[in-house]
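> fold the following for me, if possible:
(chains A, B and C)
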Amino acid sequence: MSPSASRPKKALRAPIQPRNDEGAGRAQLILERVFDERVLDETEGARPARWLRELNPEQRAAVLHDGPPVVVVAGAGSGKTKTLTARVARLIDDGTAPERILLLTFTRRAAQEMLARAERIAGPGATHRVWGGTFHAVANRLLRIYGRALSLPPNFTVMDASDSADLMDFVRGEQRRGEGQTRFPRKETLAAIYSAMVNRNEKLGRVLDGHFPWCAGEITGIRAIFESYTKRKREQVVLDYDDLLLYWRALTETPQASATLTGLFDHVLVDEYQDTNTLQADILEGMHRPGAGLMVVGDDAQAIYSFRAASVANILNFSARFPGASVLKLEHNYRSTPPILDASNALMEQATRAYGKELWSTRAGDRRTRLVTCLDEAQQSDAVCRRVLEQREEGMPLKSQAVLFRTGHHSSLLEVELARRNIPFVKFGGLKFMEAAHVKDLLAFLRILENPFDEVCWFRVLRLLEGIGPASARRVMEALGVRAGGRPAPFGTTPITRLDQEQPPVPAAARRQFDDFCAVITDCALGAGDAPKPAVCIERIGPLYKEIVERLYDSPDSRWADIEQLGVIAGGYATTERFVSDLTLDPPASTGDLAGSPLLDDDYLVLSTIHSAKGCEWDAVYIIHAADGMIPSDMALGDEDGLDEERRVLYVAMTRARDVLEIYTPLRYYHRRTGLDDAHGYAQVSRFLTQDVKELCESVSLTDEPADRVVQMDGERSGVDALLTRLWAG
DNA sequence: AATATCCGTATTTTT
DNA sequence: TACGGATATT
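Numbers count the residues shown, from 1 in each chain, chains lettered A, B, ... in the order given. Now for the predicted structure:
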């Protein structure tokens, strides 16, 4: 904020720097000497820790800050993570008990990485007892301990977004909505409306008008479904993602629990604060005890989760919510070269920023961002592959290169091309492993064991059995008393014990497999001691489920391989409860997570959605599909806010790059790839790449290079081949 | 009542 | 694409 004398803004942004880093290196030395003196001055006799010396004055201020709540506005690549980890280490070093520190992050992975780094500073085992994780994961943990204050039993189960959509659907079927003439919102839409309503803390009518206007006419039916949905959840002792936060907030508002909660932590730290919503801000306020430490870190220019009701207002209005809060800024970018940063800054010039800040770099490097226009997607894939290999030849491992894109499927043709050229890669984001039908099936089996009153799981599992459809499934559930709710059934029986006693009615055709099913379930539930291990359960369910997979799904082999993989993962868990809740709160993030480690030993290229790339950095970054309609997504063209967010998405992508940044735009898109025709449309270069931005970049066009014609044909053919392969490989 | 088949359609981003 | 939903068949 205050312009410091040592800030070498203009001087070091000179376009041409010696490649050997000499100039920047010397400046760094001088700066470090300044820090050294300050460490010695301010800590008065205390040993100047080595890690403190590596921080710049602003970072140090954040690390050493004591007193009122503070918001750290940290630009991209400004050492945000470094600062947070150093602060955790410093707090522990100063005598704060680790278990009295709460570190809230955006993903569980981020928490683990940060704590591992803090441990390297603070010493082995020091960070082990720190509370770290996402809001949702921490809520899960707290509610299992203190939930009783809200009469929430500790053995509740958590359901993910698609589970709640399934429950919506179950209720909708029961109420016979959608059978009339007017079309009624589908289950995903219902779940989305519900979630938006909760996270924005807005009335149903307002949410419908504002975000789902085409559903506004069905408000009565929607309300009825929500009512029943909520009731069902309560009866079954199931919490959805939103409930985790709602209950946590409620807990902070409960007189007897409130004091306990605010007394739990001496220091709360929150990462990626720009992507939290008002509900989460409420929670933070509810957890805050006057005098205790609170630090939130974020960058309003990187807010890209408003679709999840995240609100930039949280970070912008931090001082309003926590009066007396101070604001610190980190504006020195250590990541990117000046040309990359200049282009990124130019992009953000288009938006009005509330926390005015200008990032500056002291890195060496004069390579301009390349803006590449391609004929079509095939040429784009081909060009990216070649550049990746070229960089590798120059000594940049695949691992430090990444291809980024707006949506999960934007990489599909590239994946084909990479496979064809034997370039190994790992893809983050857009992976829907947990969404796959067979994975959900197996989890439903396990969750019945965990919570025998879970209607959605029973409904799902029963219908898998041969000869049982919706009608029979509902009848069986009736007979077992699944609907009895969370109330203890007479004589401690559950639907599972009754499975053995009641002989529920099923059609003759279903008899055999239903009996198998009963045997397996009772075996898992009763025959394996108190807490059946998840791996054991999966093994027992195996034969029955294999039969089901082979009957019901295509490509049963690859699906079965997934199930076996799940069995391996389950081997690491002692209880089914832990396994299931871990999987719903922290699903595997990449294809690599699933395949286990063998792939990770190798060098591999990273493919990632821009959202999943948040917080990461690479030497070389290739952004593909930078065409209007992709970035910005044409879903977001409606309003100004949506457009602003899309711009920030591109900004996040650009600022991931250290040395090399290339942005690709295919100009021609084929609509129907299955047909023999070549119906196509023409795209425009993304509207965000304005003249101002272009002037700071090097523009390249591959559209009329005759030499590339051959290569492009090659690329196109490979796309066709992939298509054919898919046809006969099933 | 369950299952097979066909057709149309919509499709971000994630805890 | 792949999935959901509607219709036809067993």
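> just how off-centre is stretch A:237-254 within its chain?
20 Å (Cα atoms, centre = their mean, to the nearest Å).
> what is the mean pLDDT for that stretch?
The predicted model gives stretch A:237-254 an average pLDDT of 93.
> how about it and DNA strand B, touching?
Yes - under the criterion of Cβ under 7 Å from any atom of the strand, DNA strand B is reached by stretch A:237-254 at residue A:241. In short, each C-beta sits where N, CA and C put it, glycine included.
> buried residues in that stretch?
A:237-252, A:254 (16 or more other Cβ atoms under 10 Å).
> swap in stretch A:146-156?
By 16+ other Cβ under 10 Å, the buried positions in stretch A:146-156 come out as A:146, A:147, A:149, A:152, A:156.
> start and end of that stretch, how far apart?
12 Å (Cα to Cα, to the nearest Å).
> from the buried residues of stretch A:237-254, which land in strands?
Using DSSP state E, the members of the buried residues of stretch A:237-254 that fall in strands are A:238, A:239, A:240.
> for the second one, what are its contacts?
When the contact criterion is Cβ atoms under 8 Å, 6 or more residues apart in numbering, the partners of residue A:239 are A:143, A:156, A:157, A:158, A:159, A:233, A:247.
> do that again at 6 Å, thanks
A:156, A:158 (Cβ atoms under 6 Å, 6 or more residues apart in numbering).
> next one: the last one
Neighbour list for residue A:240: A:159, A:164 [criterion: Cβ under 6 Å, 6+ apart].
> next one: it from DNA strand C, what distance?
18 Å (Cβ to the nearest atom of the strand, to the nearest Å).
> specify the beta-bridge partners of that residue.
residue A:159 (DSSP bridges).
> among the buried residues of stretch A:237-254, which are in helices?
Using DSSP state H, A:241, A:242, A:243, A:244, A:245, A:246, A:247, A:248, A:249, A:250, A:251, A:252 are the members of the buried residues of stretch A:237-254 that sit in helices.
> okay, the closest residue to DNA strand C within the stretch 51-200 of chain A and DNA strand B: tell me how far apart.
Of all residues in the stretch 51-200 of chain A, residue A:186 sits closest to DNA strand C, at 4.5 Å by Cβ to the nearest atom of the strand. Distance, residue A:186 to DNA strand B, by Cβ to the nearest atom of the strand: 7 Å.
> what is the neighbour count of that residue?
By the criterion of other Cβ atoms under 10 Å, residue A:186 has 14 neighbours.
> cool, residue A:274 as well?
Counted with other Cβ under 10 Å, residues neighbouring residue A:274 total 27.
> check contacts around it.
By Cβ under 6 Å, 6+ apart, the neighbours of residue A:274 are A:298, A:299, A:300, A:303, A:312, A:315.
> I'd guessed the third one sits against residue A:314; true?
Right, residue A:300. No - using Cβ atoms under 6 Å, residue A:300 makes no contact with residue A:314, being 9.5 Å away.
> neighbour-wise, which of the two wins?
Remark: of residue A:300 and residue A:314, residue A:314 carries more neighbours, 24 against 20, as counted by other Cβ under 10 Å.
> please report how far the nearest residue to that one once chain neighbours are set aside lies from DNA strand B.
Distances taken as Cβ to Cβ, 6 or more residues apart in numbering place residue A:281 nearest to residue A:314, at 4.8 Å, with adjacent residues excluded. Separation of residue A:281 from DNA strand B (Cβ to the nearest atom of the strand): 15 Å.
> same check on residue A:560?
Distance, residue A:560 to DNA strand B, by Cβ to the nearest atom of the strand: 19 Å.
> let me know how buried that residue is, in neighbour terms.
17.
> so it sits in a helix?
Yes - assessed by DSSP: H, G, I helix; E, B strand; the rest coil, residue A:560 belongs to a helix.
> for the longest strand anywhere in chain A, the averaged confidence score.
For chain A, the strand reaching the highest residue count under DSSP E is reported as strand A:657-670. Per-residue pLDDT values over strand A:657-670 give a mean of 88.
> if we go by neighbour counts, what in it is buried?
Counting neighbours by 16+ other Cβ under 10 Å, strand A:657-670 gives A:657-670 as buried.
> among the contacts of residue A:274, which ones are in helices?
Using DSSP H, these in helices are residue A:315.
> let me know the closest of the contacts of residue A:274 to residue A:534.
residue A:298 (36.7 Å; Cβ to Cβ).
> check contacts around that closest one.
A:272, A:273, A:274, A:315.
> where exactly do the strands run in the stretch 551-700 of chain A?
For the stretch 551-700 of chain A, the strands defined by DSSP state E, counting those that start in this stretch cover A:605-609, A:618-623, A:657-670, A:680-682, A:697-701.
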